[in-house]
Structures are given as C-alpha cells and as structure tokens.
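Student: Provide a 3D model corresponding to the input given below.
(one chain, ligands or ions: 2)
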Amino acid sequence: MKNKIPVAVLAATGSVGQRFISLLENHPWFEVVEITASDRSVGKTYQEACHWLITDPMPESVKNLTLLPTEANSLQKSVFAFSALPADIAKNVEPDFARKGIYVCSNASAYRKDPLVPILVPEVNANHLDILDIQQKTYGWSGGIITNPNCTTCAFVVPLNAIDKAYGVQKAIVFSMQAISGAGYPGVASMDIIDNVIPYIGGEEEKVEYEPTKIMGSYQDGKISLHPMVISAHTNRVAVVDAHTICLSFSTNQKVSKDNIISVLKNYQMPEICIGLPSCPDRGIVYHEADNRPQPRLDRNLGRGMSTSVGRIREDSIFDFRMVSLSHNTIMGAAGGSIFNGELLARRKFGF
Ligand SMILES: NC(=O)C1=CN([C@@H]2O[C@H](COP(=O)(O)OP(=O)(O)OC[C@H]3O[C@@H](n4cnc5c(N)ncnc54)[C@H](OP(=O)(O)O)[C@@H]3O)[C@@H](O)[C@H]2O)C=CC1
Ligand SMILES: N[C@@H](CC(=O)OP(=O)(O)O)C(=O)O
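Tutor: Numbers count the residues shown, from 1 in each chain. Ligands and ions are numbered 1, 2, ... in the order given. Down below sits the predicted model:
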C-alpha cells in the first residue's frame, strides 16, 4: 500500500473549495495537508473562516488547519494542489505552483485555452494528459497545470462525445438552466433569483461553444486539434441550488435512427483507463426512460455526483435529434471532476 499523496486545496473556503474538502475526506490516495484562501481568511483556522454550505458535516481533519496565503512559497508539503481559485487570481499564481514542482488540478478557466494545457475529462480524452510532458519542457516546469471544464460544458460533453464516437457530431445548439451554486457563495442575490430566470451569465456562452471542441479534439504529436463541430449556446441561471440541466439539439454526420442514439447512451461503458480510479462512477451515463427525467433534485447525486443523466431523446425538426442532459455542477462539473483528473495523473506519474 503506497503512502497517500499530500495535497493542498487552493481557495478552500469557497463553494468549490468546500466540495474539494468534503470529497477528499478519507480519499484513498490523497490527504489534505495544506489549505489556502484570500487575505480575508489567512491565519484563521478553516472552521473560523469558512461558511460551510454542504449537508455532510465539515471534516474533523481540516477544522483546525490554518489557512495559508495563496502563494507557491506557502506550500511546504503538497505534491498536488486542487485549485478553486477565481480565474484572475489563478492566472497569476497557478504557474508559480507548477514551477515549484506542484501538479495543479484547476477548476479555474484561466488556462483552459492554453494550447499546452489539457481540459481533461478522463472518460473522454485521457490521452490529452500526454501533453503534460511537452508543457513541462516548454514552460520549464517540474509540476504542471491540468484543468477541468466549465460546469455547463461538463453537463453534456460525455454523452455528446459518446454519440460523436459512434456517428460523428456535426453541430449542436444548447440551452442551459444553471444552478445558483455555479455563481459561488454568496453568488446571485436572492432578490434577483427567487421567482426568476436570468438569461445572462458572463463569458459562459463563449466557454460552452469552445471547450467541447478542445475536449473532443484529437491529440497527436504534442498538439490538440479542435473538433470541427459547431456549437451555439444560450446560458441561463435558474432557481435550483445544485446541478446544471442542458436541453440540446444536434445533428450527426451519419443518418441514424433515434433508437441508434438511445442504444449508444444506454449501453455506454466507462473506458478501461478510468476503471479503478476512486472517483470513477459505475455508470458514466445514466439513461432515463421516463418522459419527465432527468431532473436536478432527483438525479444530481447519481454516481456520487459523477454521472451524467440523459433522457428525452427525440427527433428534431431542424437538427436531427434533441435530448436533455444533466450533471452536478460542483461535483462532476468542478471539484469531483478535478479530483478524477488528479487520480488519472496519480496513476500515470506515481503508479497508483
Ligand atoms: N461553482 C461552480 O459550479 C464552479 C466554479 N468554477 C470555478 O471555480 C472557482 C471558484 O469558484 P467558487 O468556489 O464558486 O467561488 P466562491 O466565490 O464561492 O469562492 C471564492 C474562493 O476564492 C477565494 N479567493 C477570493 N479572492 C482570493 C484571492 N485574492 N486570493 C486567494 N483566494 C481568493 C475565496 O477565499 P475567502 O473565503 O478567503 O474570500 C474563496 O475561497 C472559480 O474560478 C470558478 O469560476 C468552476 C466550475 C464550476
Ligand atoms: N460559470 C459557471 C461556473 C463557473 O465558474 O464556470 P467557469 O469555471 O468556467 O468560470 C456557472 O455560472 O454556473
């Protein structure tokens, strides 16, 4: 039995940071030994600084850890850092951690467009992790940065990729209904969101149109080439606490039937490379037969928050097909996805 890898959580007090702390409790491979936050919290213990939002209690093991400044020099023990930093802060500091030899598994959007940084979803593009060697050589880092996608992208990219592998996806239009936890804490004011829908989330549509093309792109000779499909996105905030729901219409390259699409989704298996990783769900895609599923409250925790739920597959009069896809935005779409990436990296680099 190997020793656990010591890890830090950067911005441990926020909405995503708390998910990291909760999901890493009793993790078989990782142990949280260092935590950071903003100047507001530095020097306080975790329980003093953190307004805990998760229904499971705050883990005893972190309650009395002291929050450190978010600087590479603050970390003395960590080999990995799980980052829940705001993007502008991540932009400045994540390379410092990578230079110091730390592997940063980041939720932040800051480096998702860097050609040498993968946006990793282990069940879709585990091979993109190979680019880490080139990243290290090019940037002179002994650690590295790997990112996970925007949570809305994450809510549909696994089924879209499964359909693409079978029949080729040519184009898609997506409409999101995004949970308020996606805006962090305290996030959207209650007076704005109760009894309401907000049809604008800054920067979201651009990310949702770009990120799937990188994730589903091919990797060869040190280069990720974008998938040629075209995506149009409408993104909206709704009064749901957790889980993003996506209605999408798409066209395939091959002429196929609705039953062919259902069969791909129903028979989906997690790829071999993910099997045995502690966060790997039994079912990466859960296909729902009922006309009124998936729903956030009923389906967000499937696969411990790591499954994507799909349903309502039907023909479309403009595109070929339409469907509904949903996943938990702070687990699969954020902390859980990042930990899954860290597990893939731990297996690759440290033989776990
Ligand atoms: N929520 C979600 O569903 C998703 C979020 N993300 C991304 O994850 C990141 C975190 O989001 P979220 O947790 O929702 O945000 P929150 O607003 O809930 O939390 C912000 C966190 O950042 C810390 N922080 C703020 N300013 C600084 C600073 N100057 N230096 C160091 N730490 C700082 C805060 O610490 P303190 O408590 O001390 O102020 C807090 O821990 C963002 O990049 C976001 O875009 C990605 C996917 C999904
Ligand atoms: N924008 C997402 C959450 C998020 O922070 O995404 P990103 O990591 O791409 O900034 C939401 O509002 O639900």
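Student: Now the residue lying closest to Gln76 once chain neighbours are set aside. Its backbone dihedrals?
Tutor: Spatially, and ignoring its direct neighbours in sequence, Gln76 is nearest to Glu34 (7.4 Å; Cβ to Cβ, 6 or more residues apart in numbering). (C-beta placed from N, C-alpha, C; glycine too.) With angles defined as degrees, to the nearest 10, Glu34 sits at phi -140, psi 150.
Student: next one: Asp133
Tutor: phi -60, psi -40.
Student: Where does Leu68 sit, in terms of helix or strand?
Tutor: Assigned by DSSP states H and E, Leu68 belongs to strand 67-69.
Student: again with Lys171
Tutor: Lys171 belongs to strand 169-177, assigned by DSSP H and E.
Student: helices or strands up against that strand?
Tutor: helix 157-167, helix 204-215, strand 230-234, strand 244-252 (3 or more Cβ pairs under 8 Å, 6 or more residues apart in numbering; DSSP states H and E).
Student: Need the residues that contact the helix or strand just after it.
Tutor: As assigned by DSSP H and E, the chain's next helix or strand after strand 169-177 is helix 190-193. Contact partners of helix 190-193, identified using Cβ atoms under 8 Å, 6 or more residues apart in numbering, comprise Ile180, Ile198, Arg237, Val238, Ala239.
Student: Any buried residues in helix 190-193, and which?
Tutor: Neighbour-count burial for helix 190-193 flags Ile193 (criterion: 16 or more other Cβ atoms under 10 Å).
Student: check whether that helix contacts ligand 2.
Tutor: No - using Cβ under 6 Å from any ligand atom, helix 190-193 never reaches ligand 2; the gap is at least 11.8 Å.
Student: Check the average confidence over that helix, would you?
Tutor: Taken as a whole, helix 190-193 carries a mean pLDDT of 97.
Student: Off-centre distance for that helix?
Tutor: 26 Å (Cα atoms, centre = their mean, to the nearest Å).
Student: Let me see the contact set for Glu71.
Tutor: Thr36, Val93, Asp96.
Student: Could you tell me how far it is located from Tyr103?
Tutor: Here the criterion is Cβ to Cβ, to the nearest Å. By it, Glu71 lies 17 Å from Tyr103.
Student: now do Ile134
Tutor: Ile134 sits 15 Å away from Tyr103, going by Cβ to Cβ.
Student: For the closest residue in space to Leu265 that isn't next to it in sequence, name its beta-bridge partners.
Tutor: Leaving aside its sequence neighbours, Leu265 sits nearest to Tyr287 (Cβ to Cβ, 6+ apart; 4.7 Å). Counting by DSSP bridges, Tyr287 is bridged to Val310.
Student: Which residues of the stretch 51-200 of the chain lie near ligand 1?
Tutor: Going by Cβ under 6 Å from any ligand atom, the residues of the stretch 51-200 of the chain near ligand 1 are 70, 84-87, 89, 107-109, 151, 181-182, 184-185.
Student: Need the residues you listed in JSON lines (columns: distance to Pro271).
Tutor: Converted to JSON lines, these look like this (distance: Cβ to Cβ, whole Å):
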{"residue": "Thr70", "distance to Pro271": "35"}
{"residue": "Ala84", "distance to Pro271": "27"}
{"residue": "Leu85", "distance to Pro271": "30"}
{"residue": "Pro86", "distance to Pro271": "33"}
{"residue": "Ala87", "distance to Pro271": "30"}
{"residue": "Ile89", "distance to Pro271": "34"}
{"residue": "Asn107", "distance to Pro271": "23"}
{"residue": "Ala108", "distance to Pro271": "26"}
{"residue": "Ser109", "distance to Pro271": "26"}
{"residue": "Cys151", "distance to Pro271": "22"}
{"residue": "Ser181", "distance to Pro271": "29"}
{"residue": "Gly182", "distance to Pro271": "27"}
{"residue": "Gly184", "distance to Pro271": "32"}
{"residue": "Tyr185", "distance to Pro271": "34"}
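Student: Between those, identify the one with the most neighbours.
Tutor: Asn107 (30 neighbours; other Cβ atoms under 10 Å).
Student: residues contacting that residue?
Tutor: Contacts of Asn107 (Cβ under 8 Å, 6+ apart): Val16, Phe82, Ser83, Ala84, Leu85, Thr147, Asn148, Ala334, Ala335, Gly337, Ser338.
Student: give me phi/psi at it?
Tutor: Dihedral pair for Asn107: phi -90, psi -20, per degrees, to the nearest 10.
Student: phi, psi of Asp195?
Tutor: Taking degrees, to the nearest 10 as the convention, Asp195 sits at phi 60, psi 30.
Student: what about it, how many residues close to it?
Tutor: By other Cβ under 10 Å, the residues close to Asp195 number 7.
Student: And the strands in the stretch 251-352 of the chain?
Tutor: 285-288, 308-315, 321-327 (DSSP state E, counting those that start in this stretch).
Student: Please identify the most buried of these.
Tutor: Ranked by average neighbour count under the criterion mean count of other Cβ atoms under 10 Å, the strands of the stretch 251-352 of the chain are headed by strand 321-327 at a mean of 25.
Student: What strands line up against that one, and which way round?
Tutor: Next to strand 321-327 in the sheet, as set by DSSP bridges, lie strand 244-252 (antiparallel), strand 308-315 (antiparallel).
Student: Any chance of the ones you listed in JSON lines with mean pLDDT and distance to ligand 2 as columns?
Tutor: Below are those laid out as JSON lines (pLDDT from 0 to 100; distance: least, Cβ to the nearest ligand atom, whole Å):
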{"stretch": "strand 244-252", "mean pLDDT": "98", "distance to ligand 2": "6"}
{"stretch": "strand 308-315", "mean pLDDT": "98", "distance to ligand 2": "16"}
